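# sharing a model that was predicted from the sequence below.
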Amino acid sequence: MHETIPPQESAPEGRSVPAGTSPRGGPGRARTAGRVLVRQDYLGVLVATVVLVLVIGAFDTRFFQFGQLMNILSQSSYIGILACGMAFLLAMRELDLSVGSVYALTALTCALLADQGLNPWVSGLLAIGVGGLLGLFNAVLIQFFGLPSIVATLATLAMYRGLALALSNGTQVLGPPIDDPFSTILGGSVWGVPTTGIVLIVVCAVLTVVLRSTPFGYRVRSIGSNPEAAQFSGIPVARVRMQAMVLSGALGGLAGVLTIGYFGSSDPNLGTGYELLAIAAAVIGGTSLRGGKASVVGAALGSILLGVVASGLAYFNVPINWNQFATGAVILAAVSLDSAVRRRRQGARAGNGVRL
Amino acid sequence: MLEAQGIRKTYGGVVALAGVDFAVRPGTVQALVGENGAGKSTLVKVLVGAVTPDAGALRLDGAELRLTNTLGAIGKGIAVVSQELSLFPDLDVLSNMFPMREPRRGPWVLRRAMAERARPVLDELGLDVALDEPVEGLSLEQRQLLEIGRALVADPRVLILDEPTSALHASETERLHGVLRTLRQRDVAVVYVSHHLEDVLALCDEVTVMRDGRVVVPATAAGSLSVDRVVHHMLGEKAAAMVEEGAHSGAPVTRGSGPSLRLENVTVHGELDDVTLEVPAGVIVGVAGVAGSGYRTLLAAAAGATRLDAGRIVLPDGAELTGGQRGAITQGVALVSGDRRRFGVMLDKAVWENVGQVRSVALRRDGALVRAGRLRSRAEEHVGRLGIRTPSVDQEVGMLSGGNQQKVVFAKWLEAEPTVLLLDDPTRGIDIGAKAEIYTLLRALSEQGTVQVVASPDARELAAICDEVVVFYGGRICAQLRGEQLDAHTILEVMNTGVVPGGAAPPPRPVHGGAVRTHEPPGGAQ
Ligand SMILES: Nc1ncnc2c1ncn2[C@@H]1O[C@H](COP(=O)(O)OP(=O)(O)OP(=O)(O)O)[C@@H](O)[C@H]1O
Ligand SMILES: [Mg+2]
């Protein structure tokens, strides 16, 4: 029983306005909540998700059942959490391709430790710590061998996955018993909202504050915007990169631990391909591959959109073998619509992109 | 022959061009001048098809001309040197000379033929670099010359230069002017945008002045104008409170007492040779020299961007400079660079985010949360004080005019309240009125106890604002000019010969043979 979610996805439109800047440059303060919303990078994906839910629901009202929607939320949470970390990295022009493997390896770590009789909660914390260390190792490779992050994490993508296979002998490892509070809490729900979904929401809230309001978040975006200028402004680029990689690893660990709580066992093939889905979710959510800006909420919504598409396909009786294709098509539609909207907005406001 | 009629261009609410008529004629060098944000670059972009105007038309030889991009313009014989350099940093010099129009045979690019055409043009400009050198490693000055070479090699009938000399030294400027005069004889039409008004009057046949998106003085014979008249037209009612000459405090440069920045026996192999220099607070010290003489390495070293092979640098508070570039900045050192696009601004971020970048983000002086509201109001103060022309502090910096972007760089460093201010061509692209204000500001900061070291390719600027100018030659200090000796002419002469005319003061230092050209901007890539 693990991951049931072959993610899929897609999303139309994105009318995002560069965060925090208004091209019209109004006086700035005192905006109403509505206006704030309209200016968000994730508006596109939000609208897309809502519309898609409505359309699928119109087709088959069972889709509107609270339980069904919460189920989607729960299944999207893992990729969602990974995507939040990915948004930080993309914002500083870095990538972490190893998150899917970190996810699997930390889930295994959690299960193994608990299996050894360690308190499951402690195992969970340790697993998150291991995730952070794996991220740190990525950062060290990047720093000391001068590798681009995409190359370094491509290597660790395989290494971490290999470790998970080797340590588990390629088999599933059972976690804490189902009646352990660890499993009942993490696998349970509060007022019908699954714990995993709550964790995703909390992660989103915290990381949004970190990205938007702390020096760390500003540093990340500064580096993505103009790395040389960031260094010349005294921003410790290498340190920030290390922090962001550790964050990404630790989030992988968090997702891994939640998986053990929810599914009760780890599988060495857990999360294969999640790195690309996390990137897709972040990009659908308005994070730019060119760096400089990101939206954590958008990344989470992106993963939810992927989840909606995945389960929606079942309602449309799409033959299972067409799932992947449909997912890809939806991603393509979402991203190209977003980019078309952006280009129009850019064009409307100037020859700015033109050199000269 | 190239004419623009009734050109309008607005960006959002900002009117960049409000109905401009402009014409260039063969065999004429026409100057285009105006304050920062007057609309000069926008007009240039319209003339070469980089920007489509909202209204108005272009005519070439009487026929209507519709340009959709700069490539089209080149096809019509219109070439441009843009204000913000548009070279490809990863490609080498030669490939940058013929973007999109390399000579070819079938699918093959003819490098040999390219080199044959490129070399003489670069030589004429005095750009002495290998053709296969990557552009990334070139200094701003060299990149500027390359950009000019690229326009020349297209053999244009109309050549438009947008602040081509903003990063150039006097000798290179002279060479360029020589080239332009030759082109004039060959009946090329030249448009020359610049803030160096003396140059403009010396070179150009006609002057057009713009203000607030309009032409206020259409093509007038340069002979009938003076710098004062031009400034008057540029600024309009804002009466010109010109400082320019005589901004020195007259304060004697006293050393040995009070806080100062001290470089002790600083050596950087091949660039600086055992240099000892003390820069006291309260005076403005300039550094000058030809490329590779070491003066920029000195700035880079003081900014912590270059590793010292020997010696040490002591800051005004008595602490030794450590920790590289970030260390220097945390210790209160600021390096304001003229290469703003590369080292200065984040083009896609609002003015306020740029202004707060050092103080609140890099140094975290405002605590664990960055409060946008506070940064906005701080930025508003700077916008007012430096006269940054922007609709609001929420405007993206990439949408400001070149000179206004440079002021943003200034603002972000002033916001960090440095104790040592290193200025590397800090007023590049800033108009004459705003320059005067910035000089006044620098003087005030200096009086409050900031140590200041200024480098500028413009010897006149150094002579005007510095109390002392230290001239480098072959990696060593060859003269410290002050008082009587401090004028542009002497600075230039000492820079080029290493000897003070009249043999007066300076201890004759041996010329250091091993000096290597520094292509890096201070604090170059690292
Ligand atoms: N892409 C853009 N988006 C919005 N506003 C712009 C854009 N480009 C230019 N502007 C505005 O148009 C006006 C004219 O700009 P322009 O670059 O033509 O000035 P300039 O005369 O070249 O000034 P400088 O001497 O500083 O280079 C400025 O107010 C500027 O802010
Ligand atoms: Mg300009």
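Nice, thanks for sending it over. Ligands and ions are numbered 1, 2, ... in the order given.
# name the residues that touch stretch B:84-96?
Stretch B:84-96 is contacted from outside by A:355-356, B:99, B:102, B:111, B:114-115, B:118, B:122, B:129-136, B:138, B:143-144, B:146-147, B:150, B:341, B:402, using C-beta atoms under 8 Å, 6 or more residues apart in numbering or on different chains. Backbone N, C-alpha and C define where each C-beta goes, glycine included.
# give me the PyMOL select line for those, limited to the buried ones.
Those of the contacts of stretch B:84-96 that count as buried under 16 or more other C-beta atoms under 10 Å in any protein chain shown are selected in PyMOL with:
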select buried, (chain A and resi 356) or (chain B and resi 111+114+118+122+129+131+135+138+143+144+146+147+150+341+402)
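# the contacts of stretch B:84-96 also near ligand 2: which ones?
Subset of those in contact with ligand 2: residue B:402, counting by C-beta under 5 Å from the ion.
# which of the contacts of stretch B:84-96 fall in helices?
B:111, B:114-115, B:118, B:122, B:143-144, B:146-147, B:150, B:402 (DSSP state H).
# out of the residues you listed, which is nearest to residue B:418?
Within the ones in helices among the contacts of stretch B:84-96, the smallest distance to residue B:418 is 23.8 Å, found for residue B:402 (C-beta to C-beta).
# export the ones in helices among the contacts of stretch B:84-96 to CSV and tack on pLDDT?
Below are the ones in helices among the contacts of stretch B:84-96 laid out as CSV (pLDDT from 0 to 100):
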residue, pLDDT
B:111, 85
B:114, 86
B:115, 88
B:118, 89
B:122, 91
B:143, 91
B:144, 91
B:146, 93
B:147, 91
B:150, 91
B:402, 88
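# out of those, which comes closest to ligand 1?
Minimum separation from ligand 1 among those (C-beta to the nearest ligand atom) is found for residue B:402, which lies at 3.5 Å.
# from residue A:295, how far out is that closest one?
31 Å (C-beta to C-beta, to the nearest Å).
# likewise residue B:112?
Residue B:112 is 51 Å from residue A:295, by C-beta to C-beta.
# which of the two has more residues huddled nearby?
Legend: neighbour count by other C-beta atoms under 10 Å in any protein chain shown for residue B:112 and residue A:295, higher for residue A:295 (28 against 8).
# quick one: pLDDT of that one?
In this prediction, residue A:295 carries a pLDDT score of 92.
# same check on residue B:358?
93.
# how close does the most centrally placed residue in chain A sit to ligand 2?
Note on chain A: the residue nearest the mean C-alpha position is residue A:83, at 1.1 Å, using C-alpha atoms, centre = their mean. To ligand 2, residue A:83 is 41 Å away according to C-beta to the ion, to the nearest Å.
# next, that residue: phi, psi?
Main-chain dihedrals, residue A:83, degrees, to the nearest 10: phi -70, psi -30.
# and if you look at the one 3 residues further on?
Dihedral pair for residue A:86: phi -60, psi -40, per degrees, to the nearest 10.
# can you tell me the element the closest residue in space to residue B:427 that isn't next to it in sequence falls in?
The shortest distance from residue B:427 to any non-neighbouring residue, by C-beta to C-beta, 6 or more residues apart in numbering or on different chains, is to residue B:435 (5.0 Å). Residue B:435 belongs to helix B:432-447 when assigned by DSSP states H and E.
# what sits against the residue in the stretch 201-350 of chain A that chain B sits nearest to?
Nearest residue of the stretch 201-350 of chain A to chain B (C-beta to the nearest C-beta) works out as residue A:234 at 3.3 Å. Shown in contact with residue A:234 (C-beta under 8 Å, 6+ apart): B:325-326, B:328-330, B:358, B:362-363.
# I'd like those as a markdown table, with distance to chain A appended.
Below are the contacts of residue A:234 laid out as a markdown table (distance: C-beta to the nearest C-beta, whole Å):
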| residue | distance to chain A |
| --- | --- |
| B:325 | 7 |
| B:326 | 5 |
| B:328 | 8 |
| B:329 | 3 |
| B:330 | 7 |
| B:358 | 5 |
| B:362 | 4 |
| B:363 | 6 |
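# just the residues you listed now: which is nearest residue A:264?
The closest of those, once distances to residue A:264 are taken by C-beta to C-beta, is residue B:362, at 46.3 Å.
# I figured residue A:227 hits residue A:238, correct?
No: contact criterion C-beta atoms under 8 Å: residue A:227 and residue A:238 do not qualify, at 11.1 Å.
# I'd like the next helix or strand past the helix holding residue B:435.
strand B:451-455.
# what's the mean pLDDT across that following strand?
Mean predicted confidence for strand B:451-455 is 94.
# may I have that strand as PDB, with CA atoms only?
Extracted as PDB, the C-alpha positions of strand B:451-455 are listed here (Å, rounded to 0.1, in the frame of the first residue of the first chain):
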ATOM      1  CA  VAL B 451      37.300  57.000   4.800                       C
ATOM      2  CA  GLN B 452      36.900  57.400   1.100                       C
ATOM      3  CA  VAL B 453      38.900  56.100  -1.800                       C
ATOM      4  CA  VAL B 454      37.700  57.000  -5.300                       C
ATOM      5  CA  ALA B 455      38.700  55.500  -8.600                       C
END
